[in-house]
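> this one's structure only:
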């Protein structure tokens, strides 16, 4: 089977590398001869504009994705054409407006949920999609065969496939990706003009909440504008809920003995957050599990992690999650290890035997 | 030197354990005879209501902290009395209203920034404060000697000391702790009624942003109500900034070719977030460092972490940070290792030599 990649940036070249490694014949094209040659040199496929392919991945920038999809559908009348943009309804609507209805059965929207800070072919990796989710969004008109072909190719890159309509994808990423980005950014924005002494009190909580605030403003403006219809109602709800809490805090600040209702409003938001957080799946998409967690202080020196994880590994205990917490001004790190509840006692015993101090 | 602990819950008992281990004479008292006896049994100190102490830590619940401080200042006319509540101005104002001015020089507000999900003496740990920040907030009237004594005792527990006025402390934790909590909760609250298929698209971003949303609603309602005066103006600003973006997204949803100003509003928030995030200090309170990060996929089996960190440790490379990312539905974990930029090439070489696949 042969696959054409149109657009040899980070995502296109990575798809090419992954599929080439799996033995697919990959054909590359890009409006930039340099980018195209670089991708070929890296081993992502061969440059060829004249050979028909069974499937075509359009990995062009989001603002031109739909028109490139339309061109490819027209140029290759028997190929399945998929795009890889991170917002799906907007691209699907634009494709529908550009191509004759009888070509729509060969178009499949898709979204590989992987990326890097760096861009371009030079940053591409054959295993960029390994362990990541690749969402496939068939249109009403899409052939079953076309959907299966895209699923099969996405699966070949090592990704896990989720299939859903474009509008459901967009509504989902609005809540699980785009709203968290806005929340992280607005929290981090409050630090911009804060005195150093106040910043020094930053702990693990704000580090976690704001980690994704380092993301690229240009990219995120495109994503948020492209998914405005799905993000807007959720953001309105967020603003309304935070606004209600802000009103309660204003009343409490004016008179701390203010009616119980003000405290109730605050408690409700924190409690709803607790319920929502509990729904996030555990490792590997399994049902949310309640892991048992221990905290181990480790000295700030090479080999500390190795010794710790060696001791965990020797005991044959599988870690479900791990995190590192930073203290301020102390030469010690705190490592949080999460394991299944059934093995936490053994983990504690093993680590204490080896001289680690173990906190729960 | 002798120290009295009034209130033998999690924090009080942990202070008692830490100071007892360091050779201080620790006296314990609690309105509950059972709690008091438990703390003594755990080795936090001895039960004694009649002996004068040089310093007294009041570790009572926040809503009674000030009145207990006032009682202790009156009962022990030469002792330094410190509280450990997580909001400082409210307690200081209440103490000031309760005690004669000539006793204020012996009162020191303080806030050990440590805690656990579990509460009570039974959850206490001698090293609860190790590597954590302990903020000391002198009043205008506080003796230098009294401040130094509290700093010395806090330091003896292993904590790193930051000294600042109560209102500065409250303004700082409003931004670096209380606003992040509200943001995490409001994002997580949007998941409460989301379909399972949408939740399944949750990635590392939303996991990080919402981790602290599991916190206890009762505790956080007390904290937020107690610091309402400092949190309220920051939350108003957050609501205003998110509201402006919500307005832009509504305009873009209605007409995607809407004026450039709508996109500019979105870009400004993400960009301000990037600038704010860059100010968060690195490990151990050092100036923010740009670490180099590599991602290593590891198999989901016992010993994987051990092998990986063994290989890192063998190379004598110190990890500055680490995170684990969860894929959905794939039996592989992604571990993100952060190191100083100068050693990242060596890290990559070492890991690849040992057969790991390394991504940047």
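Looks like it came in fine. Please read all numbers here as calculations on a predicted model, not as lab measurements.
> give me the three-state assignment for residue A:129.
Counting by DSSP: H, G, I helix; E, B strand; the rest coil, the backbone at residue A:129 sits in coil.
> spatially central residue for chain A, please.
Nearest to the mean C-alpha position of chain A, by CA atoms, centre = their mean, lies residue A:113 at 5.2 Å.
> that one contacts residue A:135, correct?
Yes: in this structure, residue A:113 is within contact of residue A:135 by CB atoms under 8 Å, at 6.7 Å. Placement of C-beta: from N, CA and C, glycine included.
> shared neighbours, the two?
Shared contacts of residue A:113 and residue A:135, defined by CB atoms under 8 Å, 6 or more residues apart in numbering or on different chains, are found at residue B:201.
> pull out the buried positions in whichever strand or helix holds residue A:264.
Secondary structure assigned from DSSP states H and E places residue A:264 in helix A:260-277. Residues of helix A:260-277 classed as buried by neighbour count (16 or more other CB atoms under 10 Å in any protein chain shown): A:262-263, A:265-274, A:276-277.
> can you list the helices and strands that that helix packs against?
If you count contacts as 3 or more CB pairs under 8 Å, 6 or more residues apart in numbering or on different chains; DSSP states H and E, helix A:260-277 packs onto helix A:228-254, helix B:179-189, helix B:204-210, helix B:217-226.
> kindly recompute the last result at 7 Å.
Contacts defined by 3 or more CB pairs under 7 Å, 6 or more residues apart in numbering or on different chains; DSSP states H and E place helix A:260-277 against helix A:228-254, helix B:179-189, helix B:217-226.
> distance from stretch A:191-211 to the middle of the chain?
Mean-position distance between stretch A:191-211 and its chain equals 24 Å (CA atoms, centre = their mean, to the nearest Å).
> what mean pLDDT does that stretch have?
Stretch A:191-211 shows a mean pLDDT of 91.
> can you count the residues close to residue A:61?
11 (other CB atoms under 10 Å in any protein chain shown).
> check it and give its pLDDT.
Looking at residue A:61, its pLDDT stands at 84.
> would you mind measuring from it to residue A:256?
Applying CB to CB, to the nearest Å, the value for residue A:61 to residue A:256 is 53 Å.
> now swap in residue A:24 and tell me
Distance from residue A:24 to residue A:256, by CB to CB: 67 Å.
> and those two? which has more neighbours close in?
residue A:24 (19 against 14).
> so how far is chain B from that one?
With distances taken as CB to the nearest CB, to the nearest Å, residue A:24 is found 20 Å from chain B.
> how about that residue: what's its closest non-neighbour residue?
Once flanking residues are discounted, residue A:24 sits nearest to residue A:3: 5.3 Å by CB to CB, 6 or more residues apart in numbering or on different chains.
> that's a helix at that neighbour, yeah?
No: read with three-state DSSP, residue A:3 is strand and lies in no helix.
> need the buried residues of helix A:260-277 in JSON lines with pLDDT and distance to residue B:72, can you?
Output for the buried residues of helix A:260-277, formatted as JSON lines (pLDDT from 0 to 100; distance: CB to CB, whole Å):
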{"residue": "A:262", "pLDDT": "90", "distance to residue B:72": "31"}
{"residue": "A:263", "pLDDT": "90", "distance to residue B:72": "28"}
{"residue": "A:265", "pLDDT": "92", "distance to residue B:72": "35"}
{"residue": "A:266", "pLDDT": "94", "distance to residue B:72": "30"}
{"residue": "A:267", "pLDDT": "93", "distance to residue B:72": "31"}
{"residue": "A:268", "pLDDT": "94", "distance to residue B:72": "36"}
{"residue": "A:269", "pLDDT": "96", "distance to residue B:72": "36"}
{"residue": "A:270", "pLDDT": "95", "distance to residue B:72": "32"}
{"residue": "A:271", "pLDDT": "95", "distance to residue B:72": "35"}
{"residue": "A:272", "pLDDT": "95", "distance to residue B:72": "39"}
{"residue": "A:273", "pLDDT": "96", "distance to residue B:72": "37"}
{"residue": "A:274", "pLDDT": "93", "distance to residue B:72": "35"}
{"residue": "A:276", "pLDDT": "95", "distance to residue B:72": "42"}
{"residue": "A:277", "pLDDT": "94", "distance to residue B:72": "39"}
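> pick out the most distant pair among the residues you listed.
Maximum pairwise distance in the buried residues of helix A:260-277, criterion CB to CB, is 23.7 Å, between A:262 and A:277.
> re earlier: including distance to residue B:52, could the helices and strands packed on helix A:260-277 go into a markdown table?
Shown next, in a markdown table, are the helices and strands packed on helix A:260-277 (distance: least, CB to CB, whole Å):
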| stretch | distance to residue B:52 |
| --- | --- |
| helix A:228-254 | 39 |
| helix B:179-189 | 40 |
| helix B:217-226 | 31 |
